[in-house]
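Chemist: With the input below, show me the fold.
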Amino acid sequence: MLDIFTVSFFGHRYIEDLIILEILEQKVEKIISELINTKEYVEFLVGRDGEFDQIVSSAIIRSKRDVFDGNSYHVCVLPYTRAEYTKNTEAFDKYYDEVEICEESSKAHPKGAIQIRNRSMVDRADLCIFYVKRNKGGAWQTFNYAKKQGKVCINLADNVF
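Modeler: The predicted structure follows:
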């Protein structure tokens, strides 16, 4: 039976400092490459709600290309069906290995759907990787939820430099 290691990523929607963006991208790519090299199979769960999510998805694609892509899976988890996805399904399907609509959040009010989706991603994860610099917002709420659930968490904001 295949041993699947699931990693979920969460971070602030906006990252103002371009230097930090570059450092984060390098750190994320290093972690992803390490996971691909050391785990039997890695499932990467990522949203599509901001700059951190973009950094992560780009790093996953590069790592899969540069390291090895036969033992990992890149999943975009959307909180509900979005017009962006409906209008560009083919492009999404080329970029991600799979696009998934979170069942729990798809039934919720849109204002609460992202947090419900995030909690679902935490619940599935063996490891949660964050970029949480501010003590407010959805990423911070998800970070606190993950810690309460006893998940292994890495907050890249703790050691950016």
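Chemist: okay, and for the protein, where does confidence drop off?
Modeler: 69, 160-161 (pLDDT under 70).
Chemist: where do the helices sit along it?
Modeler: Using DSSP state H, the helices of the chain run over residues 18-38, 51-66, 83-87, 89-95, 103-106, 110-124, 138-148.
Chemist: would TSV of these with mean neighbour count be doable?
Modeler: Yep, even glycine has a C-beta here, placed from its N, CA and C like the rest. Below are the helices of the chain laid out as TSV (neighbours: other C-beta atoms under 10 Å):
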stretch	mean neighbour count
helix 18-38	16
helix 51-66	19
helix 83-87	11
helix 89-95	12
helix 103-106	15
helix 110-124	18
helix 138-148	18
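Chemist: of all those, which lies closest to F130?
Modeler: helix 138-148 (5.1 Å; C-beta to C-beta).
Chemist: Quick check: which helices or strands does the closest one pack against?
Modeler: Counting contacts by 3 or more C-beta pairs under 8 Å, 6 or more residues apart in numbering; DSSP states H and E, helix 138-148 is packed against strand 4-11, helix 110-124, strand 127-131, strand 152-155.
Chemist: Select, out of these, the one closest to F68.
Modeler: Checking these against F68 by C-beta to C-beta gives strand 4-11 as the closest, at 14.7 Å.
Chemist: buried set for the closest one?
Modeler: Judged by neighbour count (16 or more other C-beta atoms under 10 Å), strand 4-11 contains these buried residues: 5-11.
Chemist: So D123 sits against Q149, correct?
Modeler: Yes. D123 lies in contact with Q149 (C-beta atoms under 8 Å); the separation is 7.0 Å.
Chemist: Out of the helices of the chain, flag the one nearest V77.
Modeler: For the helices of the chain, the distance to V77 is smallest for helix 110-124, at 5.7 Å, taking C-beta to C-beta.
Chemist: could you say what helices and strands that closest one packs with?
Modeler: So helix 110-124, by 3+ C-beta pairs under 8 Å, 6+ apart, packs with strand 4-11, strand 72-78, helix 103-106, helix 138-148.
Chemist: so which of these gets nearest I129?
Modeler: Of all those, it is strand 4-11 that lies closest to I129, at 5.1 Å by C-beta to C-beta.
Chemist: Much appreciated, bye for now.
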